[in-house]
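Student: below are the sequence and a predicted model for it; my questions follow.
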Protein chains: 2
Amino acid sequence: MEQSFVLKGNICYSKTKDQLEIVPDGYVICEKGVCKGVFEFLPEPYANYKVIDYKNQLIIPGLIDLHIHAPQYSYRALGMDLELLDWLEKNTFPEESKFIDLDYAKKSYSFFLKDLIKGATTRASVFATLHRPATELLMDMFESSGLKAFVGKVNMDRNCPNFLTEENAETASVTTMLWIENTMHKYKNVFPILTPRFIPTCSDELMRKLSAIQKSYHLPLQSHLSENLSEIEFVKKLCPNSKYYGDAYDQFGLFGGDYPTIMAHCVHSDEEEIELLKNRGVFVAHCPSSNTNISSGIAPVRTYLDKGIPVGLGSDIAGGFSTSIFRAMSDAIQVSKLRWRLIDDSLKPLSMEEAFYLGTKGGGAFFGKVGSFEEGYEFDAVILDDSNLPSPLEFSVKERLERLIYLSDERNIKGKYVGGIAINLDFTLI
Amino acid sequence: MEQSFVLKGNICYSKTKDQLEIVPDGYVICEKGVCKGVFEFLPEPYANYKVIDYKNQLIIPGLIDLHIHAPQYSYRALGMDLELLDWLEKNTFPEESKFIDLDYAKKSYSFFLKDLIKGATTRASVFATLHRPATELLMDMFESSGLKAFVGKVNMDRNCPNFLTEENAETASVTTMLWIENTMHKYKNVFPILTPRFIPTCSDELMRKLSAIQKSYHLPLQSHLSENLSEIEFVKKLCPNSKYYGDAYDQFGLFGGDYPTIMAHCVHSDEEEIELLKNRGVFVAHCPSSNTNISSGIAPVRTYLDKGIPVGLGSDIAGGFSTSIFRAMSDAIQVSKLRWRLIDDSLKPLSMEEAFYLGTKGGGAFFGKVGSFEEGYEFDAVILDDSNLPSPLEFSVKERLERLIYLSDERNIKGKYVGGIAINLDFTLI
């Protein structure tokens, strides 16, 4: 299935966060799913490879969504007048409870995946719901789409409405293990990821059991951290022995270190928490749209980058309303400017190069060597056509990319490769 | 040309800023270009009017763009790493200087207008450049599109590069009068508006002459106010006798009162300036995207609404990158949340109802009785199809409108009426 071929076009990718590598009219080589690098001229060893000529279009690495809730897609862009805890209560929990019904789940996840397939995202780290069957259905659907994903059955056993809660830590743990056994070797593109929703909805006992499960199955983990002020207050009350929010995960050994970990948001992380993020190599999923929509604030991404903390972007559907990681890039730049102007002008705004890095190589690192066209990287690529964005000006390739970051939608996506395999953008699941 | 007819569909409009009027499956009546109101059942007097049935689609008043720079469309979404004064120097002035060439102007304005025509905007208050011929060309093109507009030949005679400046106040004034004479009675849909760029680029003598011109021709005026901190500092230096930025206009009698006036931005207006805005009935053009992109800040729109200052929305191309006033609505909501969270939690965020009001009736008031479907309003309407935004949920008409505010683009616009006349959305000018 993984083929060897060459793509020709205007190639843009990041090696570092500060600089875009741009090779106009260049060649990027895929050998059995792995990138062999970018060249101005086609090197001799690949002379017999099939060349797919995308002419004047742009070729970039696939975009990475480090934080997205699949079941929340159905109500995106609705009811955006609440803060986190009320928003969960009013919007999220009632909707997620419907995923006990597999027919409903199939319908909703089909719309969600159709959107993701058409866009520029090639890989995502995804929250499902607490329901094992619907989570496995979502994983089956991801596998058939060709996109790569970590998908998490959500764990939550306290402070939840009775229509959406796991009975207790014991049943939660048994169900979780059953789900892991069913899925961890089943797919080529999809893998389970431990997903305690967040501290407020996970009992100490559940967290202890998840820690044991993590050690026994060697799974990565995703959760939420320091998103909203009232959430942080709630965590302080629930965990009087924790020094800060991140410490409440760490006390159970669930804060990075041995296992790859994503913490979404980190809007209000204090110095100690930031140090721990760094020391444990935890990935920050920066979700600027969501942090704005539910009035959480603006995360200090410049600080995270300066300290070498791994950071990627998340759409955070449905705190965010758009699945586009291009939109997340421009949102990230925008909120960084407001943060600079309004809070702390010592942290300079994100550049376009940095935002592009975050949405490709930054988040891609969670998946391994992903998100760049350097040699040895898994071959994820997106083909971009900007001919529907006319101007009397002549643009450089870099300028064309900047315009696409701000102005593109799925109409600009003309092709997509994941791990060397071409994706059918019109793939329909129902 | 102005016809009498009835549109049938799901009708949404504002009477006040706080409440949406929604009539599902209702009738809105146009009699010779003027709205006769919205009804659940078609009243007897209109029984013989042609009914255009838009079935399940939404029908809303046309959207109003109170602040947009037509010549800047070509470089939208580019070079967004500068603040106002440097941004003008590097991006704006070189591009605007090209409009001395009418062929270039025609090409650039065609792209601009094509975008505006396809979208939901029915009326706009527009900055052209300082060039009289290109400004008149833009006015001709607006007239042929069917959109209604105020268009301003820009005045600027100091602190400008030598390739983009009026020679002196005298020639500026003569050219401006010639332009007004040529255009003020020429069109059905397009009218001149006095447009001193902003205080930094307009000499005292030019401002005195513009004031005399305003009194003699009875023209409205548009300009910029208190957008960016370094701009405000610059104005303080240039006008040591002014108490605040707005006072620098007011000293020449160019700050509302007798003549309708739009001031764009008002991000940093202090209490005195806000009082003057109110007393003079000056319209604030709130441009959230632009204020974010060039790091100006977040305007206190809640304060303006509470005080009864007239406010509308502006795309501010190319400080903003999108011509969509739906996008301006969602941007306005978003930045108001960040302002609430980060600066002043006594000013509660804008609601969806308020944002919709700002983009319709709020800005529409500058054009007269425009922006609503109340009886006596000019008949501007937009037909919205949301069938490309699927969800397993059933939505109310209000929820469908909220989704369109966040998620729509020109593909959702299926029809547009301005002053009772249907617009050809595929109209091409070149």
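Tutor: That came through fine.
Student: for the spatially most central residue of chain A, which residues are in contact?
Tutor: Centroid-nearest residue in chain A, with CA atoms, centre = their mean: A:Leu66, separated by 1.6 Å. Counting by CB atoms under 8 Å, 6 or more residues apart in numbering or on different chains, A:Leu66 touches A:Ala124, A:Ser125, A:Ile262, A:Ala264, A:Phe283, A:Ala285, A:Gly312, A:Leu313, A:Gly314, A:Gly363, A:Phe366. Backbone N, C-alpha and C define where each C-beta goes, glycine included.
Student: those residues in helices, which ones?
Tutor: Counting by DSSP state H, the members of the contacts of A:Leu66 that fall within helices are A:Gly363.
Student: list only buried entries from the contacts of A:Leu66.
Tutor: A:Ala124, A:Ser125, A:Ile262, A:Ala264, A:Phe283, A:Ala285, A:Gly312, A:Leu313, A:Gly314, A:Gly363, A:Phe366 (16 or more other CB atoms under 10 Å in any protein chain shown).
Student: before we move on, the earlier item: dihedrals phi and psi, the residue nearest to the centre of chain A?
Tutor: Backbone torsions for A:Leu66, taken as degrees, to the nearest 10, come to phi -80, psi 0.
Student: what is the burial count for the closest residue to A:Asp270 other than its chain neighbours?
Tutor: Excluding its sequence neighbours, the residue lying closest to A:Asp270 (CB to CB, 6 or more residues apart in numbering or on different chains) is A:Tyr244, at 5.9 Å. Residues lying near A:Tyr244 (other CB atoms under 10 Å in any protein chain shown) number 21.
Student: my guess is A:Tyr244 contacts A:Glu272. True?
Tutor: Yes: between A:Tyr244 and A:Glu272 a contact is recorded at 5.6 Å, counting by CB atoms under 8 Å.
Student: pLDDT score for the residue in the stretch 1-150 of chain A positioned nearest to chain B?
Tutor: Residue nearest to chain B within the stretch 1-150 of chain A (CB to the nearest CB): A:Ala77, separated by 3.6 Å. Note on A:Ala77: pLDDT of 96.
Student: ok so, going back, just the buried ones among the contacts of A:Leu66: which are in strands?
Tutor: A:Ala124, A:Ser125, A:Ile262, A:Ala264, A:Phe283, A:Ala285, A:Gly312, A:Leu313 (DSSP state E).
Student: surely the fourth one and A:Asn228 touch.
Tutor: No: using CB under 8 Å, A:Ala264 makes no contact with A:Asn228, being 11.6 Å away.
Student: kindly state the domain boundaries assigned to chain A.
Tutor: A:5-61+A:372-422, A:63-367 (automatic domain parsing).
Student: what's the most buried one of those?
Tutor: domain A:63-367 (a mean of 22; mean count of other CB atoms under 10 Å in any protein chain shown).
Student: where in chain A is pLDDT low?
Tutor: Within chain A, the ranges that satisfy pLDDT under 70 run A:1-2, A:430.
Student: which strand or helix spans A:Ser387?
Tutor: A:Ser387 is part of no helix or strand when elements are defined by DSSP states H and E.
Student: what about the strands in the stretch 51-200 of chain A?
Tutor: Here the stretch 51-200 of chain A has its strands, by DSSP state E, counting those that start in this stretch, at A:63-69, A:121-127, A:148-152, A:154-155, A:190-192, A:195-196.
Student: so which of these is nearest B:Met139?
Tutor: strand A:63-69 (42.3 Å; CB to CB).
Student: pairing partners for that closest one, with directions?
Tutor: strand A:121-127 (parallel) (DSSP bridges).
Student: check contacts around the residue in the stretch 301-430 of chain A positioned nearest to chain B.
Tutor: Per CB to the nearest CB, A:Tyr406 is where the stretch 301-430 of chain A lies closest to chain B, at 3.6 Å. For A:Tyr406, the contact set (CB under 8 Å, 6+ apart) comprises A:Phe326, A:Ser330, B:Arg76, B:Ala77, B:Met80, B:Phe321, B:Ser322.
Student: and if we set it to 7 Å?
Tutor: Each residue near A:Tyr406 by CB atoms under 7 Å, 6 or more residues apart in numbering or on different chains is listed here: A:Ser330, B:Ala77, B:Phe321.
Student: what of A:Glu31?
Tutor: A:Ser4.
Student: for the one 5 residues further on, same thing?
Tutor: Each residue near A:Lys36 by CB under 7 Å, 6+ apart is listed here: A:Ile29, A:Glu375.
Student: go again with 8 Å.
Tutor: A:Ile29, A:Cys30, A:Tyr46, A:Glu375.
Student: ranges for the strands of the stretch 301-430 of chain A?
Tutor: Under DSSP E, counting those that start in this stretch, the stretch 301-430 of chain A gives strands at A:311-313, A:381-384, A:413-418, A:421-422.
Student: make CSV from those and add distance to B:Glu399 to it.
Tutor: As requested, those are exported to CSV (distance: least, CB to CB, whole Å):
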stretch, distance to B:Glu399
strand A:311-313, 27
strand A:381-384, 32
strand A:413-418, 28
strand A:421-422, 37
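Student: what about those, which gets the closest to A:Ser351?
Tutor: strand A:311-313 (14.0 Å).
Student: starting from the closest one, tell me which strands it pairs with and how they run.
Tutor: When DSSP bridges is applied, strand A:311-313 pairs with strand A:283-286 (parallel).
Student: correct me, but A:Tyr249 touches A:Leu225?
Tutor: Yes: if you go by CB under 8 Å, A:Tyr249 and A:Leu225 touch, sitting 7.4 Å apart.
Student: find the residues that touch each one of those two.
Tutor: A:Met263.
Student: what residues does the stretch 251-400 of chain A put near chain B?
Tutor: Contact residues, the stretch 251-400 of chain A versus chain B (CB under 8 Å from any CB of the partner chain): A:289, A:292-293, A:295-298, A:321-322, A:333-335, A:337-338, A:340-343, A:349, A:351-352, A:390-393, A:395, A:399.
Student: so of the residues you listed, which ones are in helices?
Tutor: Those of those lying in helices (DSSP H): A:289, A:292-293, A:333-335, A:337-338, A:340-342, A:352, A:399.
Student: where exactly do the helices run in the stretch 101-250 of chain A?
Tutor: For the stretch 101-250 of chain A, the helices defined by DSSP state H, counting those that start in this stretch occupy A:102-118, A:132-145, A:169-183, A:204-217, A:229-238, A:245-250.
Student: save the ones you listed as CSV, and put in distance to B:Asn424 too.
Tutor: Converted to CSV, these look like this (distance: least, CB to CB, whole Å):
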stretch, distance to B:Asn424
helix A:102-118, 29
helix A:132-145, 39
helix A:169-183, 54
helix A:204-217, 60
helix A:229-238, 51
helix A:245-250, 56
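Student: quick check, A:Arg400 in contact with A:Leu20.
Tutor: No: taking CB under 8 Å as the definition, A:Arg400 is not a contact partner of A:Leu20, at 11.7 Å.
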